[in-house]
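1. Provided below for reference: sequence and predicted model.
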Amino acid sequence: MSSLGSGSCFRAARVLSLLAFSIQVFTGCGGDKKQVPAADVPTRYEVVRTLPAGLPRPEWTLTTPTDSEGMKYFVGVSEYQATEQGAREAAMQNARATFAKYTGVEFKAIEQELSVSHGLASDVQDPTVSTLMKQKEEVNALFGRLKGTNWYLEQSNQLAGETILKQAWQAWSLVTVPVDEYDKVVAWREKQEKDAQQFADEILSGSRQRRDETTALLAAGKPIAALDHLQGEWKRIDLSRGSLKQRGWPYNKPQYDSRLEETQRSVVSQIQDARDAIVLDCGRYSGTVYVAPRRKETSVTVWSLCKGGGKTVPASDVPLVLLNGAGAVVARATSNPTGKAVFHTPGLTPGPYKVKIDAEAPSVKAMGEEIRAILAQRETPFGVAAPGESIEEVVLVGVRDLFQGPASLPLPASTVSLGPVTFENEYQQNTRQGGRFAELLKTYIRSTLTKIDGLSVVEPKVRTVEAITRAVRTRDLLNEGEEKKAPPVQSASVQALIDEAQGALESRYTLVGSDVQLTMNLIRAGTPEILASSVATIPMSSVPEDMQVRPNPLPVYNELASGSARPIRIEVTPQKGDGATYTEGEDVVYFVSTDQDAHLLLIYEDAERRFTQVLPNSFSPTAFYRAGKFLQIPEGRSDAYGFTVTPPFGAERLWVFACSRPFPSLAGKESETGKVLRGGMNDILPVLRSHGARAGVAYGEAQTVLTTVGK
């Protein structure tokens, strides 16, 4: 009877189950009435059995016992498990997790990293995995004394309505751990967190150091090196962030990653700033580059600059590429320490061009596609123009080239004293001779200088003993301690000091084949330092036919081969400086000084190679002067002699001799302007030099050249 009833119940259950399935299928096929899916039926658990049997839940399952007898208590509770053993293990795991949470140790995170992320079954483990293995060993050792002392389990039926879905177990475990063990875990946790903090601090400290190094590179004008540095830093921090995550707890705490993420964003910002700091400057002449004519190879100069910190500095080692209007590569160049990059290319035709950072350069390619693409966007357009071959146009190109430079930086000198233009012979020796052609060049040079924005040509000031003395004092201070020899008082450099200019423009020209080659040097006032230099080539066909380009050569005399063991240094200059050109009717004044007390002998050599002794004379028969003081010759209107430019015209010289003993009398005939000496300098020099070579005698000689022309 009971057996049948049982079977009937079973069959009825199957029928109900099939009916429910049929209803679900029908509803899923578009029935009008909605039925509640079985999955949405509320479930509950009904206890059917306890272990120990028949006991209610102990008090400790509700309230964790307080510490006693040197022990701490923790309660672990499992979720519903399929088996009793599973419930016991889950309860114990929960107790361990509760203990870990109580101590601040993220044990689950460590276990998860070990079991999921790293596959510890591998025989080969990287340092991060080894670190985690060590952590696991330490945790297992620390948690090894965590003991379950009491257990309580419940077996329940999971019901959906009145239907039994399954049976499940839930366990409670009362766990004890010695207080000293808790203290060890806390100490271990603190050490782990301290190590993680130190690890993150070391990463950030290294990042700060590299950022400082990057800032220094930018300040030094090395933006490419700075970008490479920043790219390396970005990658380093990215790898460090990954390392923190791989190391697990406590390294993977968000607080550490957020700090590194913020630092990485700062690096990205620095990369953008470094890119934006690069300036490609094609010069200060409104984006136009003038190409000198009659040059087999032309060149275009571009400047790389680095802006930052309120200042702009030259940027070195920046690879650049020159493109024509069609976008074809014309030439490549790299900026030097002054930021200057020169593109050498034959036959550069006038037209539009642009200069870009060379994305194909190895130093740029090495930084990766992203930065490479960013840098490739830095470009500056400009135009190339080719003026004609007249003297004026060629000089314009040469002077502009001399003062060419980045528009964002100041001129090498904003005030310029225009020095003489002199002829250089085929042996590249400055003859210190001028003439009409030299004055013509000087006129065009001056005209072009006055058209350069921000540049002033300083007019010559009246030379006086006081002005020259001040200039020499300043010159000596500027060159104090320098190995280079200070420029002589007759130089354009010292004349610029007298004129209170920042620089002196000194020019020389020579004949090269059928061309005149003009070389211009901009010299820092009071020093031998060349600030800028340029060369301009003038076709001889552009020179007027009646213009004498090559001056009549001055006689060259042998240098003083052997002389006094106590040489006297002489400084001598006319009021315009050495090599100047004077026009008919102008008065010439000379200034002379020596570094020792000495007797002076001055001989004037005129354009016809006549020699006149102008000092000593009938008014100053001894001509003995103290060291360090400049002597003006003639001293003024009261002097019975003077130097006024009259025919014949050409190159003339003033010879100055100094000796610690009076000079012997030279043969000649007295005149109103002085003693006209017999013979030439080849006759005079041996007499004077032999006198200065005697034992115990100090001796020196010097000369200055000028050129005279008619009106």
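-> Received it, and whenever you're ready, just let me know what you need. Remember, it's a predicted structure, so these values are computed and weren't measured experimentally.

2. pLDDT at the nearest residue to residue 103 once chain neighbours are set aside, what is it?
-> What sits nearest to residue 103 in space, not counting adjacent residues and going by Cβ to Cβ, 6 or more residues apart in numbering, is residue 185, at 4.5 Å. All C-beta atoms are positioned from the backbone trio N, CA, C, and that covers glycine. Note on residue 185: pLDDT of 76.

3. what helix or strand is residue 185 on?
-> Residue 185 belongs to helix 179-219 when assigned by DSSP states H and E.

4. that helix packs against which elements?
-> On a contact count with 3 or more Cβ pairs under 8 Å, 6 or more residues apart in numbering; DSSP states H and E, helix 179-219 meets strand 71-77, helix 84-103, helix 127-143, helix 223-247, helix 254-277, strand 297-308.

5. for residue 553, which of these is the nearest?
-> strand 297-308 (32.7 Å; Cβ to Cβ).

6. following element in sequence after the closest one, please.
-> Proceeding N to C from strand 297-308, the next assigned helix or strand is strand 311-314, under DSSP H and E.

7. in its sheet, what does that next one sit against?
-> strand 297-308 (antiparallel) (DSSP bridges).

8. buried sites along the strand it pairs with?
-> 298, 299, 300, 301, 302, 303, 304, 305, 306, 307, 308 (16 or more other Cβ atoms under 10 Å).

9. mind checking the pLDDT average for that strand?
-> 83.

10. give me the number of residues near residue 535?
-> Using other Cβ atoms under 10 Å, residue 535 has 14 neighbouring residues.

11. over to residue 619?
-> Residues within reach of residue 619, counting by other Cβ under 10 Å, total 13.

12. what of residue 511?
-> 15.

13. can you tell me how far it is from residue 548?
-> Distance from residue 511 to residue 548, counting by Cβ to Cβ, to the nearest Å: 12 Å.

14. same deal with residue 588?
-> Separation of residue 588 from residue 548 (Cβ to Cβ): 22 Å.

15. comparing those two, which residue is more hemmed in?
-> residue 588 (20 against 11).

16. next up, the contacts around the more buried one.
-> 574, 575, 582, 643, 644, 645, 706 (Cβ atoms under 8 Å, 6 or more residues apart in numbering).

17. and the gap between the closest residue to the fourth one other than its chain neighbours and residue 682?
-> It refers to residue 643. What sits nearest to residue 643 in space, not counting adjacent residues and going by Cβ to Cβ, 6+ apart, is residue 588, at 4.0 Å. Per Cβ to Cβ, residue 588 is found 25 Å from residue 682.

18. export the buried residues of strand 297-308 as a markdown table, with columns for distance to residue 460.
-> Listed next are the buried residues of strand 297-308 as a markdown table, based on distance: Cβ to Cβ, whole Å:
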| residue | distance to residue 460 |
| --- | --- |
| 298 | 36 |
| 299 | 34 |
| 300 | 36 |
| 301 | 32 |
| 302 | 36 |
| 303 | 33 |
| 304 | 38 |
| 305 | 36 |
| 306 | 40 |
| 307 | 39 |
| 308 | 42 |
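
19. residue 490 is in contact with residue 704, correct?
-> Yes - between residue 704 and residue 490 there is a contact under Cβ atoms under 8 Å: 5.3 Å.

20. what residues do these two have in common as contacts?
-> Contacts common to residue 704 and residue 490, judged by Cβ under 8 Å, 6+ apart, are 572, 573, 574, 578.

21. compare those residues and tell me which is most surrounded.
-> Neighbour counts for the shared contacts of residue 704 and residue 490, by other Cβ under 10 Å, peak at residue 573, which reaches 26 neighbours.

22. name the SS class of that one, please.
-> At residue 573 the chain is in strand, as set by DSSP: H, G, I helix; E, B strand; the rest coil.

23. who's in contact with it?
-> Counting by Cβ under 8 Å, 6+ apart, residue 573 makes contact with 468, 488, 489, 490, 494, 495, 590, 591, 704.

24. the fourth one: what's it in contact with?
-> The neighbours of residue 490, taking Cβ under 8 Å, 6+ apart as the test, are 571, 572, 573, 574, 577, 578, 704.

25. what does the fifth one give?
-> Shown here is residue 494, whose contacts under the criterion Cβ under 8 Å, 6+ apart are 471, 472, 475, 487, 488, 526, 573, 577.

26. report the separation between the residue most central in space within the chain and residue 304.
-> In the chain, the residue lying closest to the centroid (Cα atoms, centre = their mean) is residue 221, at 1.1 Å. Applying Cβ to Cβ, the value for residue 221 to residue 304 is 8 Å.
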